[in-house]
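> predicted structure and sequence below. I'll ask about it afterward.
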Amino acid sequence: MASFDSFLFLRDRASSIEPSVEQLANFDMYMTQMALSMSKPYKHVCNKTNTRAFFGLPKDIQCLAFTTLDGKYLYGKWNKSKRTASQERDEIIEKVIKLYDCSSNEAKSFLAHGLIDLDKMDELYTRIHDPDSIKFRKKK
């Protein structure tokens with residue numbers, strides 16, 4: 001049995017290349033949905049095709065159903081894992097606590113209500129707590 005490359009299949013969808021006979025015969029719905037679910041804008045496609053009725057269709061019909069995505073940009077911003085996102089959020093909260101001398105609950109409240117501009121906060125934090133990392137432009 002030939003292996004099915006779901007990423008190549010999705011690249012072909014973005015380039016509007018017709019599915020080959022091998023792709024039609026060896027289509028792997030699970031891996032295609034896995035690869036497609038990594039892109040935020042196409043999660044709804046995965047949700048709609050993740051049904052018993054769709055899995056009951058023949059492989060070639062499932063494969064041809066994905067040709068409706070032909071010509072679309074399928075590689076958007078990937079989802080971050082929850083652990084990475086929570087670590088980044090914890091680091092931001094620690095910076096806010098150090099910079100504004102407040103409690104963690106106050107820092108979380110500031111961030112939840114959008115009272116702090118994160119770009120300006122990073123700039124202030126580096127100026128106050130890590131001035132050695134600032135690079136100055138030299139004269140000509």
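Received, thanks.
> neighbours of the nearest residue to Tyr73 once chain neighbours are set aside, how many?
Distances taken as C-beta to C-beta, 6 or more residues apart in numbering put Ala14 closest to Tyr73, at 6.3 Å, once the chain neighbours are dropped. The C-beta positions use only the backbone N, C-alpha and C, and glycine is treated the same way. If you count neighbours by other C-beta atoms under 10 Å, Ala14 ends up with 14.
> what's around Leu8, how many residues?
13.
> per-residue pLDDT, it?
On pLDDT, Leu8 comes in at 88.
> that one and Thr126, how far apart?
Distance from Leu8 to Thr126, counting by C-beta to C-beta, to the nearest Å: 43 Å.
> ok, Leu64 next?
If you go by C-beta to C-beta, the gap between Leu64 and Thr126 works out to 53 Å.
> ok, Ile97 - contacts?
Ser103, Ser104, Ala107 (C-beta atoms under 8 Å, 6 or more residues apart in numbering).
> of the residues you listed, which is the most crowded?
Of the contacts of Ile97, Ala107 is surrounded by the most neighbours, 20 neighbours in total, counting by other C-beta under 10 Å.
> and the pLDDT for that one?
For Ala107, the pLDDT comes out at 92.
> and what of Ala53?
According to the predicted model, the pLDDT of Ala53 comes to 89.
> list the buried residues in stretch 59-70.
Buried residues in stretch 59-70, defined by neighbour count with 16 or more other C-beta atoms under 10 Å: Gln62, Cys63, Ala65, Phe66, Leu69.
> need the contact list for the spatially closest residue to Val45 that is not a sequence neighbour.
Nearest residue to Val45 in three dimensions, chain neighbours excluded: Leu36, at 6.3 Å (C-beta to C-beta, 6+ apart). By C-beta under 8 Å, 6+ apart, Leu36 lies in contact with Ser6, Leu10, Tyr42, Val45, Cys46, Leu74.
> list the buried residues of the host helix or strand of Glu91.
Per DSSP states H and E: Glu91 is located in helix 82-100. Neighbour-count burial for helix 82-100 flags Ile92, Ile93, Lys95, Val96, Leu99 (criterion: 16+ other C-beta under 10 Å).
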